[in-house]
Each structure stands twice: as C-alpha cells, then as structure tokens.
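Q: Got a sequence here, can you model it:
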Amino acid sequence: MFSYCTDPSLLEGFSWLSCYLTTGKHMSLYISVFVVLVLLAITAPVALMFGFGAATATRSKILPLRWLGQGYTSIVRGVPDIAFFLFFVIALDQGFEWLRHKIKCPDWDQPVRQGIDFVVCDAAKLPLGNAPQWVHETYGFFLAVLTFSIVFGAFAANVLYGAMRAVPRAQMETAEAYGMTRRQSFWRILVPQMWVFALPGLSNLWMVLIKATPLLFLLGVEDIVYWARELGGTKNARFTDYPHGDWRMWYFMALLVFYLGFTKVSEMTLDRIMARLTKGQATSGGETQRKAAA
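A: Next comes the predicted model:
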C-alpha cells in the first residue's frame, strides 16, 4: 500500500502496523464490512415486504391464502435459523439448477438424483463453471439476501399482523361508514397507523438481524467474522511477511466495538422515527410528547 512497505522485516512500530493493516487480506476484511452493511440495507426492506405480504395474507378472507400466510409464518419461525440456513440454501440452489436443467437440457436421459449426488448438465449450473469469480460471489450474496429475507420476513409478518390487529376496529368501521371500500380503508386507515404499533417489534427484529450477520459464513460468504478469525490466528514468518502471535482477541474486540457502535446508531435512529410516528397519535408515546410540550 505504502512505498515504505517493500521490506516488512525492516519496519517497526507504527510503520509496521500501517503496512500490516493495509495488506490485501485486510482489504478483504474492510470490503466484508461493506458487504455486511449492503446485506442489511437490502435485506431489511425485502424482509419487510415478505412480512407485509404474509401478514396481509393471514388476514385474508380467502382460505388458501390465509393458510399460506399462516403456514409460512409458523414454519419458518419454528425452525432454528442455523438449520434453516444449512438446508434451505442447498435446496434453493438445487431448485434453481433443476428448473434451468429442465429448460436448457430437455434431452437429458439420466436421473438428476444419483445417490447423494445432484447432477445437472453443465449449461444448467449456477453459476456456470467458467463464470468469473465476481459472478460466483454475487450469486452467493443473492442467496444470502434471499435466505435472510425469508427468515426475518416470517418474524416481521408476526409483528405486522399484531400491529394490524392493534389498530382500533372503530376507525375501520368509521371509514366504512364514510363509504370507503375495504381496500381503501386498509391502505388509508390501517396501514398508516399500524407502524406505530409495529415499530417496537421491528426495532428488536432489526437488532437481531444485525447480530445474525455472522451466519453469513454458513452461506459461503466471507464475512467480517471469517476474516477476523483468519487474520487473528497465529502467523509465522514462513507463511507471511507479517508474523504475529494469536491476535484473535484484538480482532474480535474490534468486531465488538463495530457491532456495539452500529446498534447504538440504530437505536438513536429508531428512537427518532418512533418520536415522529407517535406525534399526535393516541398512543403512550404520543401522550408523553403531549405532556412534555404542555
């Protein structure tokens, strides 16, 4: 990185540390921090979409749709996250390849399941064997986002369903008395008000999502925990230009500071959102603001 990093054996003190922290592997660590932040930025709204859809389906008068919403919420919430990640990603990946196999290789005359092996034609593999490395990494990231979204979408569905039920029924009846259709009262009365009741639960879910990002290594994504363990382990001069002892404690302490700082910023942001949503509302938060202003 720096011009004086040519011969690390001649360095000491801050010069050695500055060169050590700017090696290629450390750059991968810094990129993994960005990957985690992007994952959270994408997963949160997608999971919220899954949750909103499931909560709406659970309230539906159409029985199959209601069963679908209830089944998705109950099954996904009932399976441990680590077991779901280990099973679902493999099943999802093979499902994509099976569909591509049926489309691209209709003349294939061998069974796809061959004992414990799952065999598809080369054209159906995801990603293709000759694809660049960034394609493999992007595909793994896509699977990670989808898996996290499905898991946390089920929890969000439970929170949103409870929030929808918390909106006073009298307001819905008043909207209907004014001539609103069921759809109009849902989007104009129920949805705007339910966020006040949903935000505390969604705030907790956001914190859990942040803490769950170390599970990325189960999905084949090299996350910050992977690199902290990799870089912090004992390194000797035979395998690296920057030998050191077991520094995992320091790397994991840096992760501790990162996660605590991130959750603190999240708490401050969520508190401001909650204050804005409860302003003027007939809720405990709105009543607290009214008394404070009086």
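Q: What is the burial count for the residue nearest to residue 217 when sequence neighbours are not counted?
A: In space, and not counting its chain neighbours, residue 217 is closest to residue 226: 4.9 Å by Cβ to Cβ, 6 or more residues apart in numbering. No exception for glycine: its C-beta is placed from N, CA and C like everyone else's. Neighbourhood size, residue 226 [other Cβ atoms under 10 Å]: 16.
Q: tell me the SS of residue 226?
A: Look at residue 226: counting by DSSP: H, G, I helix; E, B strand; the rest coil, its state is helix.
Q: for it, what are its contacts?
A: Counting by Cβ atoms under 8 Å, 6 or more residues apart in numbering, residue 226 makes contact with 32, 216, 217.
Q: 10 Å instead, please
A: Residue 226 sits next to 28, 29, 32, 214, 216, 217 when contact means Cβ atoms under 10 Å, 6 or more residues apart in numbering.
Q: for residue 81, same thing?
A: Residue 81 makes contacts with 147, 148, 151, 152, 208, 212, 215, 218, as judged by Cβ under 10 Å, 6+ apart.
Q: switch to 8 Å and redo it
A: Contacts of residue 81 (Cβ under 8 Å, 6+ apart): 151, 212, 215.
Q: what does residue 224 give?
A: 29, 32, 33, 36, 213, 214, 255, 258.
Q: Write the ChimeraX selection for whichever of the residues you listed are buried.
A: Only the buried entries of the contacts of residue 224 go into this ChimeraX selection, using 16 or more other Cβ atoms under 10 Å:
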select :29,32,36,213,214,255
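Q: element containing residue 201, please.
A: Using DSSP states H and E, residue 201 sits within helix 191-212.
Q: helices or strands up against that helix?
A: Applying 3 or more Cβ pairs under 8 Å, 6 or more residues apart in numbering; DSSP states H and E, one finds that helix 191-212 makes contact with helix 24-58, helix 133-166, helix 248-278.
Q: Let me have those in a markdown table, extended by mean pLDDT and distance to residue 104.
A: Conversion of these to a markdown table gives the following (pLDDT from 0 to 100; distance: least, Cβ to Cβ, whole Å):
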| stretch | mean pLDDT | distance to residue 104 |
| --- | --- | --- |
| helix 24-58 | 90 | 28 |
| helix 133-166 | 87 | 17 |
| helix 248-278 | 87 | 43 |
